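Student: could you work out the structure for the sequence below:
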Amino acid sequence: MRPFLLPLLLATALTAQEKPAPVRLSPLRPSPACTVSQDIGISKVELAFSRPFVKGRKIWGELVPYGQVWRVGANSATTLTLSHAAKVAGKDVPAGTYGFFAIPGPKTWTLILNRKAKQWGAYEYKPEEDQLRWEAAPQSGAFLECLDYRIVPRDAGSATVELAWESLRVSFALTFDTKALYWAHLEATLKKAPETDWVPWYQAAKYCQEQGLEPQLALAWIEKSLKAGDTYSNHEAAARIYKDAKRLPEALVHLQKAIDLSKDKAPKDYTENLEKEIAAWKKG
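Tutor: Residues are numbered from 1 along each chain as shown. Sure thing, here's the model as predicted:
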């Protein structure tokens, strides 16, 4: 390279770096974007969509034609994200992000999860890329000016996902195998847990006791927790685990220890409730 070219190239590069960004207005979108998410157990469901308004128009059968694929929103296709594998309307669906579409009809809708999540509207939609199709019956409901989605938890492993717009509702069930997912999470966590930390062993033992699972593992894990540290929390858990194992004398020792350690450390009503409980255990 010729020596006189180097300063010229450097000056050009600096000028390019110093050039200010173009001045632009932020777009004012008539159908604003929205994201709705919900935790279910240790899993998460998220819907990302844009919300069109009725604006006095006839929606079903006109603005949204029957028998045609619709993006169930506005602008970019609506997406549904599953943090873990789930059952959607009773069918297995792997974890991931999917384009969510529908083919509305007067009495029955076809709902669709498509493996191509990022697309504008339904213009690039291809049925051969569908992950799942299922049928749902629309229901009438209170009038809503703008499109809305709700994810309503039913228990620790399931929820109902509902689309609502104008005077119509369409919903479907979504389920995670929370028990299996949580057990895998528990095992993976304990593999990394040091034996000097009382908390993860206590958490695992308490989970087993509350769910009625693996009583022998619960005993082994609570002993590891107690070896790592004395707290009113792990002694209370130990008391319940030993009581479930029909080893009441040891259960009473741990419950008394929990009471003693909780004084001036836990809320007063916590200690008082344990004192009532130990009295009942002694009578029982």
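Student: quick one: low-confidence ranges for this structure?
Tutor: With pLDDT under 70 as the threshold, the chain has low-confidence stretches at 1-17.
Student: any idea how it splits into domains?
Tutor: Domain ranges of the chain: 33-175, 193-283, per automatic domain parsing.
Student: give me the distance between the two termini of the shortest one.
Tutor: One end of domain 193-283 to the other measures 39 Å (CA to CA, to the nearest Å).
Student: and the contacts of the strand or helix carrying Glu210?
Tutor: Using DSSP states H and E, Glu210 sits in helix 198-211. The contact list for helix 198-211 (CB atoms under 8 Å, 6 or more residues apart in numbering) reads 179, 182, 186, 189-190, 193, 195, 213-215, 217-219, 221-222, 224-226, 228-229, 231, 233-234, 237-238, 240-241, 244. (Glycine included, C-beta is placed from N, CA and C.)
Student: 7 Å instead?
Tutor: 186, 189-190, 193, 214, 217-218, 221-222, 224-225, 228-229, 231, 233-234, 237, 240-241, 244 (CB atoms under 7 Å, 6 or more residues apart in numbering).
Student: got it, and stretch 91-109?
Tutor: 60, 64, 66-72, 77-86, 110-117, 119, 122, 125, 131-132, 134-138, 170.
Student: now with 6 Å, please.
Tutor: Here stretch 91-109 makes contact (CB atoms under 6 Å, 6 or more residues apart in numbering) with 64, 66, 69-70, 72, 77-82, 84-86, 110-114, 116-117, 122, 131-132, 135-136, 138, 170.
Student: mind giving me the ChimeraX select for these, buried ones only?
Tutor: The following ChimeraX line selects those of the contacts of stretch 91-109 that are buried, judged by 16 or more other CB atoms under 10 Å:
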select :64,69,70,72,77,78,79,80,81,82,84,86,111,112,113,114,117,122,131,136,138,170
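Student: list phi and psi for Leu25.
Tutor: The phi/psi pair for Leu25 (degrees, to the nearest 10) reads phi -80, psi 150.
Student: skipping adjacent residues, who's closest to Phe53 in space?
Tutor: Cys146 (4.9 Å; CB to CB, 6 or more residues apart in numbering).
Student: swap that for Lys243, please
Tutor: Ala251 (3.9 Å).
Student: kindly report the same for Ala245.
Tutor: Pro215 (6.1 Å).
Student: just Leu213 next, same as before
Tutor: Tyr207 (7.5 Å).
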